[in-house]
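J.: The following block contains a protein sequence and its predicted model.
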Amino acid sequence: MKTTIQNRVRWFFLVWFFAALFQGLAAPLPARAQFGGGTIVFDPSVYARQLAQLQQETAAVQNLASQLQYMIKNTTGGGAGVWQSNQNLLANLGGLISEQEGLSYTFQGLSQQFQQLYPGYQVTGTPGAQSPQAMTTTTLNTLNGALASAQAQSQNFSAEQATLQQLEFKNQTAIGNLQAIQVSNELALAQVQQIQMLRQLVMAQMNSQNVAAANQVNAQVQSNLAAQAIFSQQYPGDSFNPTNNAPAPSQH
């Protein structure tokens, strides 16, 4: 595309130049003063004016050609195409928690799974209830998956550095406004991509922290329920308050 435009400019310049040259050469012969005896007097000032006119037209053509070359530089692309989507990487980072058999934010039925794993005040043995071992295993797997996600991000630093080096090279070698603008747009896309990576890290951290907190709360609740069951067996008729681990006053 660029070569075609340049060829057109060259042909345009040549046509205009030869047209101007032909116009100067094809101008009517200057008038010559005639005196008695048929003597013709040569007037060199006429040719001097024609030469000056031809030089002006040549300079105008050269100026136009320079302007066209400048326009070609400013409208020539080539600074785009470095940025690439990292959608697959983001999906894989989120899927690492699931691969470790943890409770991931990418899970479709996340809310229902969370309630099933950490039901709170639910008597052990109730249909659908998870064992304390299963809850602890899921929590540890979730923490392990969050660490694996962070590690995978760190392994992508070399690829990111290579992309930044390509953008820097295109920035240094930009020949016109369009290429400079395209490089700026590529850098803006790279910045948005980095923000997405930060969001993924925050999501993985929130994921693991919430699961760990839920497991701790659920373990405390199950401990209170177990203590209540033991107290009820030893002291029938008395009630047990799981919030302070103390028997409530008997209503005898």
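T.: Great, that's in hand. Numbers count the residues shown, from 1 in each chain.
J.: and Asn224, how far is that from Asn177?
T.: Here the criterion is C-beta to C-beta, to the nearest Å. By it, Asn224 lies 70 Å from Asn177. C-beta here means a position set from N, CA and C on the backbone, and glycine is covered the same way.
J.: do Gln113 as well
T.: Separation of Gln113 from Asn177 (C-beta to C-beta): 54 Å.
J.: Okay, and Cys197 sits in which element?
T.: Small correction: residue 197 is Met, not Cys. helix 177-234 (DSSP states H and E).
J.: try Lys170
T.: Going by DSSP H and E, Lys170 is in helix 157-172.
J.: Packing partners of the helix holding Met197?
T.: If you count contacts as 3 or more C-beta pairs under 8 Å, 6 or more residues apart in numbering; DSSP states H and E, helix 177-234 packs onto helix 87-99, helix 110-117, helix 132-154, helix 157-172, strand 240-241.
J.: at 6 Å instead, please
T.: helix 132-154, helix 157-172 (3 or more C-beta pairs under 6 Å, 6 or more residues apart in numbering; DSSP states H and E).
J.: mean confidence score for it?
T.: Per-residue pLDDT over helix 177-234 has a mean of 89.
J.: what's the burial count for the closest residue to Gly95 other than its chain neighbours?
T.: Among residues not flanking Gly95 along the chain, Thr106 sits closest, at 5.8 Å (C-beta to C-beta, 6 or more residues apart in numbering). Thr106 is flanked by 15 other residues according to other C-beta atoms under 10 Å.
J.: so what's the backbone phi/psi at Thr106?
T.: For Thr106, the backbone dihedrals (degrees, to the nearest 10) come out as phi -80, psi -10.
J.: Quick check, it in contact with Gly94.
T.: Yes - using C-beta atoms under 6 Å, Thr106 makes contact with Gly94 at a distance of 4.2 Å.
J.: re earlier: now the helix holding Met197: how far from the chain's centre is it?
T.: 22 Å (C-alpha atoms, centre = their mean, to the nearest Å).
J.: low-confidence ranges in this protein?
T.: The model of the chain has pLDDT under 70 over residues 1-42, 121-129, 237-252.
J.: Save the helices and strands packed on helix 177-234 as CSV, and put in distance to Gly79 and mean neighbour count too.
T.: Shown next, in CSV, are the helices and strands packed on helix 177-234 (distance: least, C-beta to C-beta, whole Å; neighbours: other C-beta atoms under 10 Å):
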stretch, distance to Gly79, mean neighbour count
helix 132-154, 28, 17
helix 157-172, 5, 13
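J.: for the ones you listed, which one sits closest to Ser85?
T.: helix 157-172 (12.1 Å; C-beta to C-beta).
J.: how many neighbours does Asn215 have?
T.: Count around Asn215 with other C-beta under 10 Å applied: 22.
J.: Look up how far Ser131 lies from the nearest residue to it once chain neighbours are set aside.
T.: Once flanking residues are discounted, Asn215 sits nearest to Thr139: 4.1 Å by C-beta to C-beta, 6+ apart. Noted for Thr139: a distance of 13 Å to Ser131, by C-beta to C-beta.
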